[in-house]
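[1] when you get a sec, could you give me coordinates for this:
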Amino acid sequence: MKKRLGLTVALIGVTAATLAFAQADVIVMRQQLMKANGQAAKISVGMIRGDIPFDAKVAAAVASSIGHDNAVFPDLFPDGSDKGETKAGPAIWSDNAGFRALSAKMSKDAEAAAAAAAKGKDAFAEAFKAVGANCQGCHEKYRQS
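    Now for the predicted structure:
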């Protein structure tokens, strides 16, 4: 009986440690995803401003990357991942439906910008405005300063 109890306590300890590491890993994963989105946005804005030569294939690729990332982003906020080195705001969990809806909108708008890239820089720039607005809106509501 004592052996069984000791084994149970050890398993609970291992499970708790594994969950703590998993929460830290998911935080790092979402931070890396946001860094990648930031780089994609930087390239997009650079092309729009003329700092980087416009390339329709690159513009489409970086916008699609943002679209894909935002399609999966809400899944990187499981319960309990609000603790640790994160700037995720509490509204992500208290208004998860709103967070998911905004992320889905971002994904859709980014894919629309990717499609617009084939029509040229001006069309891409116009479509990418929605992506920028989504970034700002999400950070204002769902990110801690």
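
[2] so where do the helices sit in this structure?
    Applying DSSP state H to the chain gives helices spanning 2-49, 56-72, 91-94, 96-116, 121-142.

[3] to residue 85, which of those lies closest?
    helix 2-49 (6.3 Å; C-beta to C-beta). Where C-beta positions appear, they are placed from N, C-alpha and C, glycine not excepted.

[4] now the closest one: mean pLDDT?
    The average pLDDT for helix 2-49 rounds to 72.

[5] ditto for stretch 127-138
    97.

[6] check contacts around the spatially most central residue of the chain.
    Geometric centre of the chain, nearest residue: residue 73, 4.2 Å, by C-alpha atoms, centre = their mean. Applying C-beta atoms under 8 Å, 6 or more residues apart in numbering to residue 73 gives the contacts 30, 33, 103.

[7] just the pLDDT at the closest residue to the first one other than its chain neighbours, thanks.
    Counting by C-beta to C-beta, 6 or more residues apart in numbering, the nearest residue to residue 30 once its immediate chain neighbours are dropped is residue 76, at 4.1 Å. In this prediction, residue 76 carries a pLDDT score of 96.

[8] follow-up on the earlier one: separate out the buried members of the contacts of residue 73.
    30, 33, 103 (16 or more other C-beta atoms under 10 Å).

[9] a markdown table for those residues, including distance to residue 129?
    Converted to a markdown table, those look like this (distance: C-beta to C-beta, whole Å):
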| residue | distance to residue 129 |
| --- | --- |
| 30 | 25 |
| 33 | 22 |
| 103 | 18 |
